[in-house]
Structure formats: C-alpha cells, structure tokens
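>>> Next comes the sequence, and after it the predicted model I'd like to discuss.
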Amino acid sequence: MAAALHNHRTWQNLVDNLVFLVPLLFFVILLYATLAWTFYVSFTDWKTVTANYQFTGVKWYQFLVAQPRFWVDVQNNLKWLILGVGPTVVVAILLAYLLELSPFPAVESYIRTLILYPVAMSFIVTGTIWSWMYEPQRGVFKTLLQAVGIKSQLSFTTDPDLATYWLILIFVWQYLGFAVIILQSSFRTTELQEMVEAATVDGASKLRILVSVIVPNIRSGILVLVSLLLISTLKVFDIVYIVTFGGPGIQTDVLALNMWITFFQQHLVSAGAGLGIIIFAMAFIIVVPYTIYALRKWFE
Amino acid sequence: MKSKSRTLKLLVFLVLILLSFAYLLPIYVMGTTSVKSIDEITTGNYLIPTGNPQFGNYREVLFGSSRFRSNMVPRLLNSTIISFSSTILSVFIGGLGGYYLSRTRSTFAKVLFVLVGIALYLPYQAVIIPLVILMAKTRLALTYWGMILSYLILNIPLASVLMGTFFLSVPRELEEAAEVDGASKVQRFFMVVSPISLPAYASVAIIIFTQVWNEFFLALTLSSPKTQTVQVVMAEAKGTTIVVYNLQMAAALITVAVPLAFFLILGRYFIRGILAGALKG
C-alpha cells in the first residue's frame, strides 16, 4: 500500500515536471545551443555563402580588431551606453520626484501617459519621424528655429561629429516615460514615504530630501533601471539603421549594425559571429549584477 | 509627498508645457504630413496643417501604387499572424515555466533561473546566424513558423520571468486548500492559479505582443517576401531613393496603430507588465 502510494507520488512528480519544466527547458536549451553554435562559428573559417566549419582559432577576432571600423563602433557604443543611460536616469529621477510632489493629480496622469506612449512604438517608426524632424534643410526643427528667428548651422544627423548624439537623443526621448514609471513605483513604498515625512518635519529642503533620503533608498530600483537601459543601448540597431545607416561615412556605426553588414551583406559569417559574441560578452557583464539581484529577490 | 509651494506649481506648469511640446510634436507632424500632397510638402511649411487633406495617401499605402509598391495590407496580416501566434505560445509556455520557477526551491531551479535571467535580454546578434542556418535547413524560412519559432526562443525566457513574478504574489493558501481537496499540481495550476492570474496573462501578452510587433533585426534578416512584417516595409519605404514623406508618415501611423491602440485602451496592464519586467510584480 505504502509502496503504491510512493509510486503514485513519483509518477505525479514526473507528470508535474513534464508539464511545467520541460517546455521551458526545451526552449532554453535551444537558445543556448544557438549561442554555442555562434561561438563555434566565430572560430571557423566561414567567409562565403557556403558553410565552412574548418577551425581557424581567433583569426577572425584578429581581423575584426585590426579594422579601424571596429574601434569607431566601440567608441560609439560607449557614447550610447553613457549618454543613453545617464541623462535618462537623472532626468527621470527629477521628473518622477516632481510628479510625486505635484499637487495636481490630473496633470500627473496626463504627463505619465504623454511620455509613456513612445514605449508602444517601434524604433523604426520613431526613427522615421525623427528623420523628418532632423531633416537638415527644411526639417521640423529647422522650420521651428527659423520661425523664432534663429539662423542655426545645426545639421543634426548629417553632421559627422555630432550625428551620434542626435541619435542618442531619440533614444532618451523614447525611454524617458519607461524610466519614470519604474522610478515612481520605487518611490511609493510605505517606508520611504515615512522617511520623507520625517525629514520634512525636521525641516529638510525638497532637494535635500531627494539627494539624501530618496535616492539612497531607491538604489535597487535604480540598479534595475540602469541595467535595462544599458542593455537597450548596447543592443541599439534599429535607430541607427533607419536614420543614418551608420553614416555619414561610418561615423554613427555601432557593433550591432557592423555585425549585420558583415554577416548579411558581406557574408563574412565567421567575422559576423565574432561580433555577435563580442556583443553578447558585453551584455553578459551588464546582465550579471541584475540577475544576481533578481535571483536573491526571487528565492528570498 | 504633495506640496503646495508656489514655485513648485510654476515648475510643474513649465514642465507640462515643455513635455507636451516634445511629445506631441512628433505625433502632430506625423499626422499632418501623412495627409499632405507631395507638392505641399516640397513648397509649404512643414508645421502648418493642410487645408486639403489627401486621405488617398492611406489608400496608396494600404493597397499599393506606383509610388508605394509594397502595399501594407498583406504585411499587416503577416505581422498580425506572427505576433499573435508568438504571443499566445510564449505566454502559455511562459506561464508553465514561470509557475515552475516560482514554486520550486531546488538548486536546479536556481541554476535554471540564472540561465533564463541571462537569456532575458539576449542581444539577437548572438543567435541570428544559427537561426538563419536552422530556418534554411528545415525549410521553415519561407513560412510563418520559421519566424514564430525564432520569436518563441527569444521571448519565452521573458514570458516565464514575468509570469513567475506575478505567480509569486498569488497567496499560497488558495493552492494549499486545493491540495487538501486532492488536486494535483497540474490541476491547481489550471483550476486555481491561472484563472485568478488572467490580468497577469493580459499584461505579459501585451508586453510580448508589442515587442514582437515592433521587432526589426530578426524580421529584417529572417523574413522572406511572403512573411515580411510591417517594420521591414517601413524601413524599405524609407530607404528608397524617391523620398515620399507623406506616404512614409501614413505607413508609420498604420504601423504604430495596433500597439498604440493596445497602450491607450489597456494602459494599466501595459504598465503592470513593464513593472513586472523591473521585478516589481
């Protein structure tokens, strides 16, 4: 009887695992198998349309780092990482705080919806609209500046020195609402509200409360937000593809676009795989602290 | 945290105007330009709305014309089929996987969680080459299934974590009561946990749907003429040498209409989904 019950239990356990675990496990294994496959391809000598799995070691990595283009990409990716994330987070903190302080609930919900709608839009659509705003001869910004009597020399994304910065501005515009939403939810814990009230009673100024009470207490929210933004800026492809396609010249090129051109247009498959692995390695460094934090929170 | 100071009110007012301008202008420009004639665009002021709206622009974009060859209707259909299928399957499998991750405390579950966590925001560049090879080898490349399968591989980790975040907040007492009544884990999941998690399913579905609908890199690389998505047509329309801004803007509005409608109608679920992604389910 006991043995039968035990068997029933094991059988039940097996069914449970089969139902809940196996589908997820199947796709996770598939995902890591493709990742491993990319890794393997990056060490082979595949440079035409036809597959060639002959092992050549780090040859294509050497090829990549010997190209000036690779270092232009790295520089641009760093600009994206720093300027796409830093200003977004700072502006979002100030804005979220202002919305919390605002005595007008209607204004708060209006602004939230207003700045959040770009989250539903694709970079392809945003990029198309912003190309129109940035158009250097008669674009929307040029027209606006002329209307208020300013004759500017700005040429936006056609300016070789500044083009990347104008592209990053599109990203900041698109992600600001996303950042505010995440920070607002961090503000709204009972402990933090009580601390803010205590500080207010003590006569601390609004700015003082933000810097010494709020920011230190929403560290985990900021960590998550920074990780999510870093990953998004690292993966940036669509905006560059649609607005400048890496131009003028290769001034706005990024690793992800280089990867696509190398693989898809030049059929240097092994070199493309190498770039894919380099992008993954950078993403990995960003994702690890986030994953450890998530793991602790999940299994606490 | 409300405040009544006068400077603050002024500041709120200024920010209100500034943000309204920054976030309404692009939409305004997209809307007005989409109904202008090309003459009006080349000669007139970009910011002034037209007195003679050309709604025919939308017909051209939807059904094709000599100026816009890639008619949008079949592409809208492609995007709809691919996004809906990927979403339903991701959310279903993600629900099962998320339940496993949220109810199992073993070392194996922790290892799996880390693997899933790293896969959450995987750059697609790291897996695209094998996906192209696989799709070509299995001849799935020319069918919807090739793209759906690829999107499943890339979205199931996210769906699992998002669903799991919601399941963590489902009170255990409900399941314990069902367990006492002799319900198995599978029965508990389908009869108790899933029904009360329907809002969570809606949130995750909206997030995944928007992500797949808006996805470009994979669509650009994997889609064949028969499975081309709206984002790829948009990019093509912008890349052509004859720049027909009005048709581009009409196409942009059509492309964005579906996810934007979800956002405006189901905004609450949308926000809950975003917050779950930030581990605040």
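That came through, no problem.

>>> what sits against the residue in the stretch 1-150 of chain A positioned nearest to chain B?
The stretch 1-150 of chain A approaches chain B most closely through A:Leu24 (2.9 Å), counting by Cβ to the nearest Cβ. C-beta: built from backbone N, CA, C; applies to glycine. A:Leu24 sits next to B:Ile93, B:Gly94, B:Leu96, B:Gly97, B:Tyr100, B:Leu101, B:Leu112, B:Val116, B:Ile156, B:Ser160 when contact means Cβ atoms under 8 Å, 6 or more residues apart in numbering or on different chains.

>>> In JSON lines: these, plus pLDDT.
Conversion of these to JSON lines gives the following (pLDDT from 0 to 100):
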{"residue": "B:Ile93", "pLDDT": "97"}
{"residue": "B:Gly94", "pLDDT": "97"}
{"residue": "B:Leu96", "pLDDT": "97"}
{"residue": "B:Gly97", "pLDDT": "97"}
{"residue": "B:Tyr100", "pLDDT": "95"}
{"residue": "B:Leu101", "pLDDT": "95"}
{"residue": "B:Leu112", "pLDDT": "96"}
{"residue": "B:Val116", "pLDDT": "95"}
{"residue": "B:Ile156", "pLDDT": "97"}
{"residue": "B:Ser160", "pLDDT": "96"}
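
>>> ok, and the residue nearest the centre of chain A, which helix or strand is that part of?
Taking Cα atoms, centre = their mean, the centroid of chain A lies closest to A:Ser232, which sits 1.0 Å from it. According to DSSP states H and E, A:Ser232 maps onto helix A:219-234.

>>> Give the buried residues for stretch B:12-20.
Across stretch B:12-20, burial judged by 16 or more other Cβ atoms under 10 Å in any protein chain shown covers B:Val12, B:Val15, B:Leu16, B:Leu19.

>>> picking that back up, what pLDDT does the residue nearest to the centre of chain A get?
Note on A:Ser232: pLDDT of 93.

>>> Please apply the same query to B:Val243.
65.

>>> circling back to that earlier point, surely the residue nearest to the centre of chain A is in contact with A:Tyr175?
Yes: contact criterion Cβ atoms under 8 Å: A:Ser232 and A:Tyr175 qualify, at 6.9 Å.

>>> if I look at these two, which residues touch both of them?
Shared contacts of A:Ser232 and A:Tyr175, counting by Cβ under 8 Å, 6+ apart, come down to A:Gly84.

>>> list the contacts for the nearest residue to B:Tyr124 once chain neighbours are set aside?
In this structure, B:Tyr124 finds its nearest non-sequential neighbour in B:Phe217, 5.0 Å apart by Cβ to Cβ, 6 or more residues apart in numbering or on different chains. By Cβ under 8 Å, 6+ apart, the contact list for B:Phe217 reads A:Phe237, A:Asp238, A:Ala256, A:Trp260, B:Tyr124, B:Gln125, B:Ile128.

>>> could you measure A:Leu268 against A:Trp60, distance?
8 Å (Cβ to Cβ, to the nearest Å).

>>> do the same with A:Leu116
For A:Leu116 relative to A:Trp60 (Cβ to Cβ), the value is 42 Å.

>>> Who has more neighbours out of the two?
A:Trp60 (25 against 20; other Cβ atoms under 10 Å in any protein chain shown).

>>> Run through the neighbouring helices and strands of the helix or strand the more buried one falls within.
Using DSSP H and E, A:Trp60 sits within helix A:59-65. Contacts defined by 3 or more Cβ pairs under 8 Å, 6 or more residues apart in numbering or on different chains; DSSP states H and E place helix A:59-65 against helix A:269-298.

>>> so for the helix it packs on, what's the average pLDDT?
Looking at helix A:269-298 alone, the average pLDDT works out to 93.

>>> buried stuff in it?
Quick answer for helix A:269-298 (16+ other Cβ under 10 Å): A:269-280, A:282-283, A:286-287, A:290-291, A:293-294, A:298.

>>> so which of those also contact chain B?
A:269, A:272-273, A:275-277, A:279-280, A:283, A:287, A:290-291, A:293-294, A:298 (Cβ under 8 Å from any Cβ of the partner chain).

>>> Let me know the closest of the residues you listed to A:Leu18.
A:Leu18 lies nearest to A:Trp298 out of these, by Cβ to Cβ, at 23.0 Å.

>>> Settle this for me: the closest one is touching B:Leu168, isn't it.
Yes: the criterion here is Cβ under 8 Å, and A:Trp298 meets it with B:Leu168 at 7.3 Å.

>>> Ranking helices and strands of chain B by mean pLDDT, which lands last?
Ranked by mean pLDDT, DSSP states H and E, the weakest helix or strand in chain B is helix B:38-43, scoring a mean of 81.

>>> how about it against chain A, any contact?
No: against chain A, helix B:38-43 shows no contacts by Cβ under 8 Å from any Cβ, the least distance being 8.8 Å.

>>> List the buried residues of that helix.
By neighbour count with 16+ other Cβ under 10 Å, helix B:38-43 contains the buried residues B:Ile38, B:Glu40, B:Ile41.

>>> Residues contacting it, please?
Contact with helix B:38-43 is made by B:Thr33, B:Thr50, B:Asn52, B:Val244, B:Tyr245, B:Asn246, as judged by Cβ under 8 Å, 6+ apart.

>>> what's the domain layout of chain A?
Taking automatic domain parsing as the reference, chain A has its domains at A:1-33, A:42-298.

>>> Export these as TSV, with columns for distance to B:Ser70.
Shown next, in TSV, are the domains of chain A (distance: least, Cβ to Cβ, whole Å):
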stretch	distance to B:Ser70
domain A:1-33	32
domain A:42-298	14
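
>>> Just say which of those is most tucked in.
domain A:42-298 (a mean of 18; mean count of other Cβ atoms under 10 Å in any protein chain shown).

>>> B:Pro49 against B:Thr32, yeah?
Yes: B:Pro49 sits in contact with B:Thr32 when judged by Cβ under 8 Å, with a separation of 4.5 Å.

>>> any common contacting residues for those two?
Here B:Pro49 and B:Thr32 have no joint contacts, going by Cβ under 8 Å, 6+ apart.

>>> helices or strands next to whichever strand or helix holds A:Ile182 in the packing?
Assigned by DSSP H and E, A:Ile182 falls within helix A:163-187. Judged by 3+ Cβ pairs under 8 Å, 6+ apart, helix A:163-187 is in contact with helix A:68-101, helix A:105-116, helix A:123-134, helix A:219-234, helix A:238-243, helix B:267-277.

>>> on that earlier part again, also within reach of chain A: list those from the buried residues of stretch B:12-20.
B:Val12, B:Val15, B:Leu16, B:Leu19.

>>> excluding its backbone neighbours, what's nearest A:Ile111?
Here the residue nearest A:Ile111, using Cβ to Cβ, 6+ apart, is B:Leu19, at 5.9 Å.

>>> So that neighbour is in contact with A:Ile115, correct?
Yes: the pair B:Leu19 / A:Ile115 is scored as a contact, 6.1 Å apart, by Cβ under 8 Å.

>>> got the phi/psi numbers for whichever residue of the stretch 151-281 of chain B sits closest to chain A?
Of all residues in the stretch 151-281 of chain B, B:Asn214 sits closest to chain A, at 3.4 Å by Cβ to the nearest Cβ. Main-chain dihedrals, B:Asn214, degrees, to the nearest 10: phi -90, psi -10.

>>> Using neighbour counts, pick out the buried residues of the helix or strand that contains B:Pro259.
If you go by DSSP H and E, B:Pro259 is part of helix B:245-265. For helix B:245-265, the neighbour count (16+ other Cβ under 10 Å) marks B:245-256, B:258-260, B:262-263 as buried.

>>> so does the helix or strand following the helix holding A:Ile182 get close to chain B?
Counting by DSSP H and E, the element after helix A:163-187 in chain order, helix or strand, is helix A:190-201. Yes: for helix A:190-201, a contact with chain B is found by Cβ under 8 Å from any Cβ, at A:Gln193, A:Val196.
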